[in-house]
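**Student:** please work out how this folds:
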Amino acid sequence: MQPRPSWDEYFMSIAHEVARRSNCLSRHVAAVVVREKRLISTGYNGTPRNTRNCFEGGCKRCAARMSGIPSGSNLEECACSHGEENAIVQAAYHGISLKDSTIYSTYSPCLMCAKMIINAGIKEVVYAAEYPLADRARELMLEAGIWLRQYERKQSDQPAAFMPITPPQYSSVPTTPYTLT
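**Tutor:** Below is the predicted model of the structure:
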């Protein structure tokens, strides 16, 4: 039997899975927001709702990055929203408060996302990798009293191969799989 994942491992693995939905050509980033060990919002980076996806030409900066423009340049031309930004906005869209929550992100927040995290009332940021342009963001979050820590994967946190789990058979529970539509 595989050991249960820690809460950090659990939520960070969900953030990494959410990042797979990203349509950005440069970097796949995602964030999940948690309160009281319950997932309350997710977001990944990509172009805004109802606009062309990044990989469909929706972001000229990302297209230029694929042609060799260096990372960190022409940021003002980027049409993509960040994973943390989308997680916060998605919660607002559905009327969900993020006060006193924790955000798990695949990268440390940039300055814009740090300001949104502070103003949303998020109390803790857990991130997997360092975002290269995050020094001022880190300073600002620490000044605001946000607990900021980097998730460090332990040897025991290595993902296990997915093994099918046979549910117990109960007479009152359907045994056929549900179809999601």
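**Student:** measure stretch 20-34 end to end?
**Tutor:** 19 Å (C-alpha to C-alpha, to the nearest Å).
**Student:** packing partners for the lengthiest helix in the chain?
**Tutor:** Secondary structure of the chain per DSSP state H: the longest helix is helix 7-19. Judged by 3 or more C-beta pairs under 8 Å, 6 or more residues apart in numbering; DSSP states H and E, helix 7-19 is in contact with strand 30-35, strand 38-44, helix 83-93, strand 102-107, strand 124-129. The C-beta positions use only the backbone N, C-alpha and C, and glycine is treated the same way.
**Student:** what about 6 Å?
**Tutor:** strand 30-35, strand 38-44, strand 102-107 (3 or more C-beta pairs under 6 Å, 6 or more residues apart in numbering; DSSP states H and E).
**Student:** right, and these - which one's nearest residue 151?
**Tutor:** strand 102-107 (7.5 Å; C-beta to C-beta).
**Student:** sec struct for residue 136, please.
**Tutor:** Going by DSSP: H, G, I helix; E, B strand; the rest coil, the secondary structure assigned to residue 136 is helix.
**Student:** pull the number of nearby residues for it.
**Tutor:** 11 (other C-beta atoms under 10 Å).
**Student:** by mean pLDDT, point me to the weakest helix or strand of this structure.
**Tutor:** helix 60-65 (a mean of 78; mean pLDDT, DSSP states H and E).
**Student:** contact partners of it?
**Tutor:** 25, 26, 54, 74, 77, 78 (C-beta atoms under 6 Å, 6 or more residues apart in numbering).
**Student:** related to what we said a few turns ago, give the buried residues for the longest helix of the chain.
**Tutor:** For helix 7-19, a neighbour-count test (16 or more other C-beta atoms under 10 Å) marks 8, 9, 10, 11, 12, 13, 14, 15, 16, 18, 19 as buried.
**Student:** looking at the helices and strands packed on helix 7-19, spot the one closest to residue 1.
**Tutor:** strand 38-44 (24.3 Å).
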